[in-house]
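>>> sequence and predicted model, in that order:
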Amino acid sequence: MNTKAGEAELTYSLGAGDAMIINSTFVPKEARGGGVALALVKRAIDDARIRGRKIDPVCPYVDLIFARHPEWRELRV
């Protein structure tokens, strides 16, 4: 995702059972606090749902966001 401050990213790999293992999120310092990281996580959630995948939120930020959104509980590995 491009922002005026640079490029933001969410990285993942596929694990056992085709689970999406979200390893990290990064948002440039100048763009933090604007909802960019949350938008990346929501996109990953949508992609996982479409593809019938579970998510393993290894990234501490994504783990925290999962804790705040109980409606995503069924997607967690």
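Right, received. Where do you want to start? Quick caveat, the model's predicted, so the values are computed rather than measured. Numbering: from 1, shown residues only.
>>> look at K4 and report its pLDDT.
With respect to pLDDT, K4 has a value of 63.
>>> kindly apply the preceding question to A31 instead.
For A31, pLDDT reads 87.
>>> which residues of this structure fall in strands?
2-3, 6-7, 9-14, 20-26, 55-57 (DSSP state E).
>>> against W72, how distant is S13?
Noted for S13: a distance of 19 Å to W72, by CB to CB, to the nearest Å. No exception for glycine: its C-beta is placed from N, CA and C like everyone else's.
>>> out of the two, which sits in the busier spot?
W72 (18 against 11; other CB atoms under 10 Å).
>>> residue closest to the middle of the protein?
The centre of the chain sits closest to V41, judged by CA atoms, centre = their mean, with a distance of 3.0 Å.
>>> list the contacts of it.
Applying CB atoms under 8 Å, 6 or more residues apart in numbering to V41 gives the contacts L10, I22, T25, Y61, V62, I65.
>>> tell me how far it lies from L64.
Taking CB to CB as the measure, V41 falls 10 Å from L64.
>>> run the chain-centre distance for stretch 41-58.
Using CA atoms, centre = their mean, to the nearest Å, the distance from the centre of stretch 41-58 to the centre of the chain it belongs to is 7 Å.
>>> check this structure for its longest helix and report it.
helix 36-51 (DSSP state H).
>>> by mean pLDDT, point me to the weakest helix or strand of this protein.
In the chain, no helix or strand scores lower on mean pLDDT, DSSP states H and E than strand 2-3, which sits at a mean of 58.
>>> low-confidence regions, this structure specifically.
Applying pLDDT under 70 to the chain flags residues 1-4.
>>> what about G52, neighbour count?
Considering only other CB under 10 Å, G52 is surrounded by 7 other residues.
>>> how much space between the residue nearest to it when sequence neighbours are not counted and L10?
Leaving aside its chain neighbours, G52 sits nearest to D18 (8.0 Å; criterion: CB to CB, 6 or more residues apart in numbering). Noted for D18: a distance of 18 Å to L10, by CB to CB.
>>> between those two, which has more neighbouring residues?
L10 (21 against 11).
>>> I'd say that one and I45 touch.
No: between L10 and I45 there is no contact, the gap being 10.7 Å when judged by CB atoms under 8 Å.
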